[in-house]
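S.K.: curious how this folds, go ahead:
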Amino acid sequence: MKDAYSIIKRPIVTEKSMGATGIGKYVFEVDINANKIEIAGAMKKLFPQVDVAKVNTLRVKGKLRRMGRGTPGMTAAWKKAYITLKPGQRIEMFEGA
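M.R.: Numbers count the residues shown, from 1 in each chain. As a prediction, the model looks like this:
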């Protein structure tokens, strides 16, 4: 089984994702091969004080970018997860952001 830190890579801190924290949704970058059950289990290990109600995932495609003077290249594809907590619960790490 994968380690919880290899499944949940980092939080996504954007204006849109911080607005969703008010309704109990948190956004994380996750391993591209992780499924919803593994993501929920990793959240329980990393944040034992919260209960996960729902997990929604989506894959973000890599974009075409210029590398240097015109050489085309691609950014990496990645996966993000929208974690919905049970009502009344919060993750304290996001409160100061």
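S.K.: endpoint to endpoint, stretch 44-59 covers what distance?
M.R.: End-to-end distance for stretch 44-59: 22 Å, by C-alpha to C-alpha, to the nearest Å.
S.K.: buried sites along that stretch?
M.R.: Phe47, Val50, Val52, Val55, Thr57 (16 or more other C-beta atoms under 10 Å). Where C-beta positions appear, they are placed from N, C-alpha and C, glycine not excepted.
S.K.: of the residues you listed, which is the nearest to Val30?
M.R.: Val30 lies nearest to Thr57 out of the buried residues of stretch 44-59, by C-beta to C-beta, at 7.1 Å.
S.K.: I'd like the distance from the helix or strand harbouring that closest one to the chain centre, please.
M.R.: Element membership of Thr57 [criterion: DSSP states H and E] is strand 52-60. The chain centre lies 8 Å from the centre of strand 52-60; the measure is C-alpha atoms, centre = their mean, to the nearest Å.
S.K.: that strand pairs with which strands?
M.R.: Strand pairing for strand 52-60, using DSSP bridges, gives strand 78-85 (antiparallel).
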